[in-house]
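Enquirer: 3D, please:
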Amino acid sequence: MGATPQRANGFTTLISMTDTLFPGANDLEGRAIREISAVAMDAPAAANSGHSGTAMALAPLGVTLWGRVMRHDPTDPGWSDRDRFIMSNGHACILQYALAHEFGYDMTPDDLRAFRQPHSRTPGHPERGVAPTVEVTTGPLGQGIANGVGMAIAERILRSDYGPDLVDHRTWVIAGDGCLEEGVSHEAASLAGSLGLDHLTIFYDNNHITIDGATELAFHDDTEARFAAYGWHVINVGEKANDLDVLEDAMRQAIAETSRPTLIVVRSHIAFPSPEMMDTREAHGNPFKASVITEAKAILGVPDVAFTFDPDLPGHLVETLSAQRDARVAWEARVASSGAQGAKLLEQLYNNGAATVTTSPEPFAAGTLAATRKAMQRAMDCYAVQTPGLTAGSADLTDNTGMTLSALSVQSSTNPGGRQFHYGIREFAMSANLTGQALHGGFRPLGSTFFVFSDYARPAIRLAALSEAAVMFVYTHDSVGVGEDGPTHEPVEHLMALRAMPHLHVVRPSDANETLDLVEQFLSDNEPVTTAMVLSRQDMPVFNDADAKVSKKNARRGGYVIREDADAVFTLVGTGSEVGHCLDANDRLAEQGVKTRVVALPCWRCFDAQPSDYRNAVLRRSTPSVSLEAGATLGWTKYVDQAIGIDSFGMSAPGSYVMNYFNINAATLVAHVLETLGGAR
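Expert: Residues are numbered from 1 along each chain as shown. As a prediction, the model looks like this:
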């Protein structure tokens, strides 16, 4: 460990001098580590909020990785063949911000002083698009590991497609005890081992401390044995968290491994070298007292003045990365000399593998019955070969959810270019993985499961939306129409729960052909959005030609009038399969001399983004209105006067029976309209 403060009988003594704190460090590295350790105390203290201890303990690892091993160039931060760096334990983000400053990225001392302050570039957890070098939004523990798996997958597919001369970078993830306790890490690590992702390395910061106290309170796993069982290459550097040469050697071993991902176990001491805070739970999340900072800075040999930086240090460190810059320039030359192949790679990275649609799927015949999940399969059959960035798979439900890529091969350790994914029964890791693929660049990933199991993946859906990642989550079996499987498998509250999530576009198409169109929109748009595509298990009517024409023209706006009548006395509003019931009710009421209009709202968020004149014309709130949706009614009053839905759990019975039991049918709408109009008279 170098100069480790030792406790004895309640007292602490320093057993060696400051210059031996970080064995193997040269002058520049030692100065950088000390500045990082100091700002890791200063920034949380100034904010009176934040996590100092982990960043202090990992400063040597960070400097070793960024200075000696990682493939990056601060003079061109967006270099597409750069290594990706992820802090899964995002609470320690002051480490990443400080590293970005020390290595010459656009991260100023003022940015560090503004840590956790309003509108700063240094928020309390890493946020994609806010600070340089932040590849993914992290914070909820463990998800960064799964994001890293997705990034490693994206790199491997591109390397397989374009060759290692054009694509050959690595993904490095720092994770802590909490990350490895979270279940998503188990799912993601198991998947990564199965796929043999050799360009992925995770550093396990084994500091034995959580918020409640020592990890031994609840964590006795043999982590090395667990990862070895997953098929990982495991390196344990022991008590060498401060030894830069030992850390570098472990990283080089990871690079040399060509068939497995690597876990590097580092036994660090949280808050090193603070005599008072080291190895304490208080060091995890409490800003340090001034006296503690003073003592630690004395040991580090840095001025006891907050936010003291050597203005020349970043420039010197950038100069040490000349080999990395040379590698980037050589890469640019190889891309240019590769002609059409290089141009194709750059285009895929630029537009995230957008589809160029020259052939459209065969439409479903008007008046027939087709589940919208069947339309997803038809979309995949047609668009897969036209979408360079498409990957698709499911959590063990490939046929059920329409995710079979019949024209493409299966991703595996022996087929690194495969686009068909079998994620196994790992909904959470699959979903966080998709975000990693999307944010890597070059891809439009789709992953699927039954809608009710979006509960397993919700934290990953949330971070995808927060990151505005171009991911499509495909959810089938969207209502109590699931039937015999019963309430455990019948989503009721899920539509409203996901609609409440900012940035997420929850799409429930009105028929099979509308599904084809909305899938094409996601695959071909220049700026695709985070999307949850919610599809039916049960068959539903395919629009007649007139209704289909209106859908084709307006469905992408999120809401539209599918049947209009200037003299209408009622508006019927539906989503998904219930739009068919609205159309049926429209016909039945017309037979009784009652004129109605029908509105489809496949995507509330898309609709809300339309101009107010358009929204007002679609809803026409001066006309009485009612909605029909096989789910919770919460939220519908924004669009209609009254809502018919399901505000209880479902039941086990044939799907058609369950739908009728809960009054999700045209007859209910007809009765409601007649009763309301009768009462009004």
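Enquirer: how far does the helix or strand harbouring residue 99 sit from the chain's center?
Expert: Residue 99 belongs to helix 94-102 when assigned by DSSP states H and E. In terms of C-alpha atoms, centre = their mean, to the nearest Å, the centre of helix 94-102 is set 23 Å apart from its chain centre.
Enquirer: And that helix, what does it pack against?
Expert: Where contact means 3 or more C-beta pairs under 8 Å, 6 or more residues apart in numbering; DSSP states H and E, helix 94-102 is packed against helix 27-47, helix 53-64, strand 84-87, helix 109-113, helix 313-319. For every residue, glycine as well, the C-beta is placed using N, CA and C.
Enquirer: Of these, which stretch is the most buried?
Expert: Mean neighbour count (mean count of other C-beta atoms under 10 Å) peaks for helix 53-64 among the helices and strands packed on helix 94-102, with a mean of 29.
Enquirer: Alpha carbons of that helix, in PDB - could you do that?
Expert: In PDB, the C-alpha atoms belonging to helix 53-64 read as follows (Å, rounded to 0.1, in the frame of the first residue of the first chain):
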ATOM      1  CA  GLY A  53     -13.500   8.500   0.300                       C
ATOM      2  CA  THR A  54     -13.800   6.300  -2.700                       C
ATOM      3  CA  ALA A  55     -12.400   9.000  -5.100                       C
ATOM      4  CA  MET A  56      -9.400   9.400  -2.800                       C
ATOM      5  CA  ALA A  57      -8.700   5.700  -2.700                       C
ATOM      6  CA  LEU A  58      -9.000   5.200  -6.400                       C
ATOM      7  CA  ALA A  59      -7.000   8.300  -7.500                       C
ATOM      8  CA  PRO A  60      -3.900   6.100  -8.200                       C
ATOM      9  CA  LEU A  61      -5.900   3.600 -10.300                       C
ATOM     10  CA  GLY A  62      -7.500   6.500 -12.300                       C
ATOM     11  CA  VAL A  63      -4.200   8.100 -13.000                       C
ATOM     12  CA  THR A  64      -2.700   4.800 -14.000                       C
END
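Enquirer: tell me how far it is from the chain's mean position?
Expert: So, by C-alpha atoms, centre = their mean, the centroid of helix 53-64 is 26 Å from its chain's centroid.
Enquirer: And for stretch 514-521?
Expert: 23 Å.
Enquirer: what's the answer for stretch 649-667, then?
Expert: Centre to centre, stretch against its chain (C-alpha atoms, centre = their mean), the figure for stretch 649-667 is 35 Å.
Enquirer: In the stretch 451-600 of the chain, what residue spans correspond to strands?
Expert: With DSSP state E, counting those that start in this stretch as the criterion, the stretch 451-600 of the chain has strands at 472-476, 505-507, 531-534, 540-541, 560-563, 570-574, 596-600.
Enquirer: Can you pull out the residues in contact with the helix holding residue 99?
Expert: 32, 35-36, 39-40, 43-44, 50-52, 54-55, 58-59, 62-63, 66, 85, 87, 106-109, 111-112, 115, 122, 126, 131-134, 309, 313-314, 317 (C-beta atoms under 8 Å, 6 or more residues apart in numbering).
Enquirer: can you do 6 Å?
Expert: 32, 36, 39-40, 43, 55, 58, 62, 66, 87, 107, 122, 132-133, 314, 317 (C-beta atoms under 6 Å, 6 or more residues apart in numbering).
Enquirer: Tell me where the protein is predicted with low confidence.
Expert: 1-19, 679-681 (pLDDT under 70).
Enquirer: mind running it again at 90?
Expert: 1-20, 211-215, 285, 679-681 (pLDDT under 90).
Enquirer: Next, residue 646: secondary structure please.
Expert: Classification of residue 646 by DSSP: H, G, I helix; E, B strand; the rest coil places it in coil.
Enquirer: Strands of the stretch 201-350 of the chain, residue ranges please.
Expert: Counting by DSSP E, counting those that start in this stretch, the strands of the stretch 201-350 of the chain are 233-238, 262-266.
Enquirer: can those go into a markdown table with extra columns for mean neighbour count and distance to residue 538?
Expert: Converted to a markdown table, the strands of the stretch 201-350 of the chain look like this (neighbours: other C-beta atoms under 10 Å; distance: least, C-beta to C-beta, whole Å):
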| stretch | mean neighbour count | distance to residue 538 |
| --- | --- | --- |
| strand 233-238 | 18 | 47 |
| strand 262-266 | 24 | 45 |
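Enquirer: nearest to residue 609, of these?
Expert: Evaluated with C-beta to C-beta, these place strand 262-266 nearest to residue 609, the distance being 43.8 Å.
Enquirer: Mind giving me the packing neighbours of that closest one?
Expert: strand 200-205, strand 233-238 (3 or more C-beta pairs under 6 Å, 6 or more residues apart in numbering; DSSP states H and E).
Enquirer: Save the ones you listed as CSV, and put in distance to residue 338 too.
Expert: As requested, the helices and strands packed on strand 262-266 are exported to CSV (distance: least, C-beta to C-beta, whole Å):
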stretch, distance to residue 338
strand 200-205, 26
strand 233-238, 32
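Enquirer: wait, which of the ones you listed is closest to residue 653?
Expert: Nearest of these (C-beta to C-beta): strand 200-205, 46.6 Å.
Enquirer: Name all residues that make contact with the closest residue to residue 584 other than its chain neighbours.
Expert: What sits nearest to residue 584 in space, not counting adjacent residues and going by C-beta to C-beta, 6 or more residues apart in numbering, is residue 666, at 3.8 Å. Residue 666 sits next to 581, 584-585 when contact means C-beta under 6 Å, 6+ apart.
Enquirer: Next step: these restricted to helices.
Expert: In helices, defined here by DSSP state H, the members of the contacts of residue 666 are 581, 584-585.
Enquirer: Just give me the closest of those residues to residue 627.
Expert: Set against residue 627, the nearest of the ones in helices among the contacts of residue 666 by C-beta to C-beta is residue 581 (11.0 Å).
Enquirer: Count the neighbours of that closest one for me.
Expert: Counted by other C-beta atoms under 10 Å, the residues lying close to residue 581 total 26.
Enquirer: And for residue 193?
Expert: Neighbours around residue 193, by other C-beta under 10 Å: 22.
Enquirer: Now do the helix or strand encompassing it against strand 200-205, angle only.
Expert: Using DSSP H and E, residue 193 sits in helix 183-195. Relative orientation of helix 183-195 and strand 200-205, computed by axes from the mean of the first three to the mean of the last three C-alpha atoms, to 10 degrees: 140 degrees.
Enquirer: All set now, cheers.
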